[in-house]
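**Student:** I'll drop the sequence and a predicted model, then ask my questions.
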Amino acid sequence: MYYWYLSFHSLIRWFVLVLPILAIAYCGWAYLQNKAFDRIANVLRSASSGFAKLQLLIGFLLYAESTLIRVFLQNPAAQISNLAVSFFSVLHFLGMTAAVVFITVGSSKAKKLDTAAEKHRAIWLWFGCAVILIIIFIPWPFSPLAQRPLIRF
């Protein structure tokens, strides 16, 4: 079951990366054009939040099942110097959790704000911070922190 979760987690990351970028681009354009907060912006906001939360849930399941995490938790002081182990045990976990929190806060604020400009700005700011974290903490094949393939099957 672990490898199914891992493959799904690898696939869903593209939605978690692309949807907020689309939301940022659309809301930035709509803000500059003084457009209403329309159905497209709302769908991008909601889909970004939903996929991010699904990804976080799968990540938590992987974290609970991972042998890499078990090795780290047996002796954290000894394993913290191992970059790959410390990346997935601490950095990836905290960075991606923070990114999902930013997306959730931005989505919630955008729902509650009154004007379209405020909603667009909230998504632009909160989702922008989340995307920066996501880009930093994805284990890209070229990352100096930890390398993983772009898609696992």
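**Tutor:** Received, thanks.
**Student:** surely residue 121 and residue 31 touch.
**Tutor:** Yes: with contact defined as CB atoms under 8 Å, residue 121 counts as touching residue 31 (6.2 Å). Just so you know, the C-beta spots here come from the backbone N, C-alpha and C atoms, and that holds for glycine as well.
**Student:** may I see the buried residues of the helix ranked longest in the chain?
**Tutor:** Looking across the chain with DSSP state H, the single longest helix is helix 2-32. Across helix 2-32, burial judged by 16 or more other CB atoms under 10 Å covers 5-6, 8-10, 12-13, 15-17, 19-24, 26-27, 30-31.
**Student:** and that helix, what's its mean pLDDT?
**Tutor:** Helix 2-32 comes out with an average pLDDT of 96.
**Student:** name the helices or strands packed onto that helix?
**Tutor:** Packing partners of helix 2-32 (3 or more CB pairs under 8 Å, 6 or more residues apart in numbering; DSSP states H and E): helix 39-65, helix 116-137.
**Student:** out of everything not next to it in sequence, what's closest to residue 11?
**Tutor:** Nearest residue to residue 11, sequence neighbours excluded (CB to CB, 6 or more residues apart in numbering): residue 151, at 6.3 Å.
**Student:** the one you found - how many residues pack around it?
**Tutor:** Using other CB atoms under 10 Å, residue 151 has 10 neighbouring residues.
**Student:** now the phi/psi pair for the residue nearest to residue 141 when sequence neighbours are not counted, please.
**Tutor:** Counting by CB to CB, 6+ apart, residue 147 is the residue found nearest to residue 141 once chain neighbours are left out, at 5.3 Å. Per-residue torsions, residue 147: phi -110, psi 140 (degrees, to the nearest 10).
**Student:** wait, doesn't residue 147 sit right on residue 88?
**Tutor:** No: look at residue 147 against residue 88 with CB under 8 Å: they stay out of range, at 11.5 Å.
**Student:** identify the contacts common to the two.
**Tutor:** residue 139 (CB atoms under 8 Å, 6 or more residues apart in numbering).
**Student:** element containing residue 146?
**Tutor:** Here residue 146, judged by DSSP states H and E, is contained in no helix and no strand.
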